[in-house]
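>>> What follows is a predicted structure for the sequence shown.
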Amino acid sequence: MGTVAVRIVNGYKSFAGRRTPVLQGVDLDIATGEFLVVLGSSGSGKSTLLRIVAGLDHLDRGAIDWPDSDDDTRPHTGVVFQQPFLMPWLTVRENIAFGGRFAVHRERFDTAYADELLDRFGLSSLGGYYPEQLSGGQAQRIAVIRAVAVRPRLLLLDEPFSALDPATRGDLQSWLADLARDLGFTTVLVTHDIDEALRLGDRIALFGRGGTVRQQWQIGDLEDGHRDGLRTDILAHYRDSSLSTT
Ligand SMILES: Nc1ncnc2c1ncn2[C@@H]1O[C@H](COP(=O)(O)OP(=O)(O)OP(=O)(O)O)[C@@H](O)[C@H]1O
């Protein structure tokens, strides 16, 4: 592993009223520039982890830091959720500018770059559309462009494709893989879809019940035969981790 963008050491998080912690003993390094998929069954703490990395929540114990950051602060971060959350009264172009205006680092936004992104990723014809005129897949692509238009170094995606039909989801996975490679930032995607994880991840970290990292796989360029074997292995661990209550 080269430099580390995000390091979590012995992370612990619980919520009042819950019998078990949501995260415990989480040790995780996210390498600068890698595409990490956080895979796990429902309730394994994936979204909580992502929210903590995004700065929307905090660890109760343990530490999170940013070894690759010059001033030891969180790198500029873009976040995409399951729903696109576009403002219905604004056009696509205005929605992206709106995101830029309210971003923490709003000085990093400029409309010329947003237009360039729309063009580079095949969406410029949608610039004047209103959200109600977009398909679910188009709206989610715009949510991704809005997130990357402030030039983040870290892109966080929480099940961004789970509300889409399988064909649209497949198209968006390819599109996102191209975009992440092209723009070259560190990406963390949360999903419970093993095939999505295998398709997109440089590395997969499997979370299990009890909120721990159960297993990790380095993916890289796999041949089809190896991919099938790996899928079987991941599925076995996935089943095991979602049944366990530790
Ligand atoms: N703010 C909160 N208060 C209380 N409990 C919470 C809170 N946020 C999450 N939880 C609980 O923590 C557990 C883990 O939630 P989290 O959303 O992180 O899991 P997840 O792996 O992303 O699940 P899913 O795939 O269903 O989204 C769940 O049981 C959830 O109900």
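Ah, there it is.
>>> Pretty sure A163 sits in a helix.
No. Assigned with DSSP: H, G, I helix; E, B strand; the rest coil, A163 falls outside any helix and is coil.
>>> what's the spacing between the closest residue to P21 other than its chain neighbours and Q24?
What sits nearest to P21 in space, not counting adjacent residues and going by CB to CB, 6 or more residues apart in numbering, is S14, at 4.1 Å. For glycine as for every other residue, the C-beta is placed from the backbone atoms N, C-alpha and C. For S14, the distance to Q24 under the criterion CB to CB, to the nearest Å works out to 8 Å.
>>> and the next element down the chain from the helix or strand L206 falls within?
Here L206 is covered by strand 203-208, with elements defined by DSSP states H and E. Next in sequence after strand 203-208, counting helices and strands by DSSP H and E, comes strand 212-218.
>>> Does the next helix or strand after that next one reach the ligand?
Next helix or strand after strand 212-218 toward the C-terminus (DSSP H and E): helix 224-243. No. Counting by CB under 6 Å from any ligand atom, the ligand has no neighbours in helix 224-243; the shortest distance is 10.0 Å.
>>> Then stretch 15-32?
Yes. Among the residues of stretch 15-32, F15, R18, V22 lie within reach of the ligand under CB under 6 Å from any ligand atom.
>>> Show me which residues of that stretch are buried.
Across stretch 15-32, burial judged by 16 or more other CB atoms under 10 Å covers P21, V22, L23, Q24, V26, L28, D29, I30, A31, T32.
>>> Check stretch 45-61 too.
G45, K46, S47, T48, L49, L50, R51, I52, V53, A54, L59.
>>> now swap in stretch 84-96 and tell me
Buried, per 16+ other CB under 10 Å, within stretch 84-96: P84, L86, T91, V92, R93, E94, N95, I96.
>>> quick one: average confidence on it?
For stretch 84-96, mean pLDDT rounds to 95.
>>> show me what contacts H58?
I52 (CB atoms under 8 Å, 6 or more residues apart in numbering).
>>> can you pull the pLDDT of it?
Predicted confidence (pLDDT) for H58: 96.
>>> Under a three-state scheme, what state does it occupy?
coil.
>>> which SSE is L36 in?
Using DSSP H and E, L36 falls within strand 35-40.
>>> and the next element down the chain from that strand?
Taking DSSP H and E, what comes next after strand 35-40 is helix 46-54.
>>> Give the next helix or strand downstream of that next one.
Moving toward the C-terminus from helix 46-54, the next element (DSSP H and E) is strand 61-65.
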